[in-house]
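Asker: structure for the following, please:
(one chain, ligands or ions: 1)
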Amino acid sequence: MTGSPDNSHDGHVARQFGPQAAAYVQSAVHAAGADLDRLETIAQALQPRHALDLGSGGGHVAYRIAGHAGAVTACDLSAEMLAAVAQVAAGRGIANVATRQAPAERLPFPDAAFDFVGCRFSAHHWLGFEAGLRESRRVLAPGSVAVFIDGMSPGRAVLDTHLQTIELLRDTSHVRDYAAAEWLGALERAGFAVKAATTDRLRMDFPTWIARMRTPDTNAAAIRALQAGASAEVRGHFGIEADGSFQLDTIFVKAIAA
Ligand SMILES: C[S@@+](CC[C@H](N)C(=O)[O-])C[C@H]1O[C@@H](n2cnc3c(N)ncnc32)[C@H](O)[C@@H]1O
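Answerer: Here you go, the predicted structure:
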């Protein structure tokens with residue numbers, strides 16, 4: 001069965017995120033965090049000429065980098081997200097952020113167009129994870145730095161299955177939270193040399209996590225049922241709370257375009 005463009009995965013992602021642009025601009029877990037502070041410190045030290053915020057969503061990476069870069073391009077599948085980024089940047093008097101609508105897997109930029117890439121909480125949505133990483137590498141000048149941040153699978157099968165299942169129920173455009181080993185292998189195959197990789201935990205507040213993606217009530221109830229029936233190992237690892245809030249593993253990778 002072949003889908004029309006509207007039924008494509010990328011169309012589905014854009015439909016999921018577009019109407020939620022304002023929610024992603026305001027989202028506390030996206031607008032702030034130790035990971036953003038760390039990414040900004042790296043950009044500040046490098047002072048890139050032209051940085052790419054790939055899968056920019058509400059633009060939080062772009063706003064953080066803008067003060068340390070000559071120019072920043074925020075790139076996303078969703079036109080509505082990019083309209084929100086342009087509006088926020090103008091409202092904050094940030095003049096060096098431009099927007100470009102494109103899929104990570106087919107970037108409309110020449111080879112070596114950028115000297116910094118920041119990509120935060122986007123790769124788990126990509127239809128082509130490895131293709132997006134290859135494109136990130138292609139558009140970076142050799143020796144330049146890329147920072148990838150994302151939700152991460154804990155790796156162990158029983159935990160992985162739980163995580164991917166609740167992610168898919170919450171957002172039917174979810175593809176995969178990759179495990180650390182999957183990230184490192186894919187980055188190497190894409191032509192990156194990994195300089196540092198660290199993991200962390202991020203508390204996902206269940207009511208806002210669900211509301212941000214407009215998860216249907218039936219799917220939210222299914223997630224709660226899965227959590228209620230989860231084993232001690234699963235409950236313990238994710239720190240599942242009475243209201244469904246839980247701890248998401250995250251990964252932060254600093255890599256060099258080899
Ligand atoms: C959770 S939001 C990003 C959050 C943002 N980077 C931040 O730090 O707040 C995920 C974004 O990835 C975008 N996205 C998903 N798949 C994509 C793809 N294949 N290419 C480009 N953008 C994509 C979505 O449209 C969405 O705006």
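
Asker: can you give me the pLDDT of the residue of the stretch 151-258 of the chain found nearest the ligand?
Answerer: Taking C-beta to the nearest ligand atom as the measure, the stretch 151-258 of the chain has residue 173 as its residue closest to the ligand, at 7.6 Å. For glycine as for every other residue, the C-beta is placed from the backbone atoms N, C-alpha and C. Per-residue confidence for residue 173 comes out at a pLDDT of 93.

Asker: so residue 105 touches residue 130, yeah?
Answerer: No - checked against C-beta atoms under 8 Å, the pair residue 105 and residue 130 is beyond contact range at 9.0 Å.

Asker: where do the helices of the stretch 1-150 of the chain begin and end?
Answerer: Listed from the start of the chain, the stretch 1-150 of the chain has helices (DSSP state H, counting those that start in this stretch) covering 9-17, 21-26, 28-31, 34-46, 60-66, 79-91, 129-138.

Asker: among those, which is the most enclosed?
Answerer: A comparison of the helices of the stretch 1-150 of the chain by mean neighbour count, using mean count of other C-beta atoms under 10 Å, puts helix 60-66 on top with a mean of 26.

Asker: that helix and the ligand, are they touching?
Answerer: Yes - applying C-beta under 6 Å from any ligand atom, one finds helix 60-66 touching the ligand at 60, 61.

Asker: average model confidence for that helix?
Answerer: Averaging pLDDT along helix 60-66 yields 97.

Asker: so what touches it?
Answerer: Counting by C-beta atoms under 8 Å, 6 or more residues apart in numbering, helix 60-66 makes contact with 30-32, 36, 39-40, 43, 48, 51, 53, 56, 72, 74, 85, 88-89, 92, 94, 96-97, 116, 118-120, all of which sit outside it.

Asker: for it, C-alpha coordinates in PDB please.
Answerer: C-alpha atoms of helix 60-66 as PDB (Å, rounded to 0.1, in the frame of the first residue of the first chain):
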ATOM      1  CA  HIS A  60      15.100  26.900  22.100                       C
ATOM      2  CA  VAL A  61      18.500  25.700  20.800                       C
ATOM      3  CA  ALA A  62      18.500  28.500  18.200                       C
ATOM      4  CA  TYR A  63      17.800  31.200  20.800                       C
ATOM      5  CA  ARG A  64      20.600  30.000  23.100                       C
ATOM      6  CA  ILE A  65      23.200  29.800  20.200                       C
ATOM      7  CA  ALA A  66      22.200  33.100  18.600                       C
END
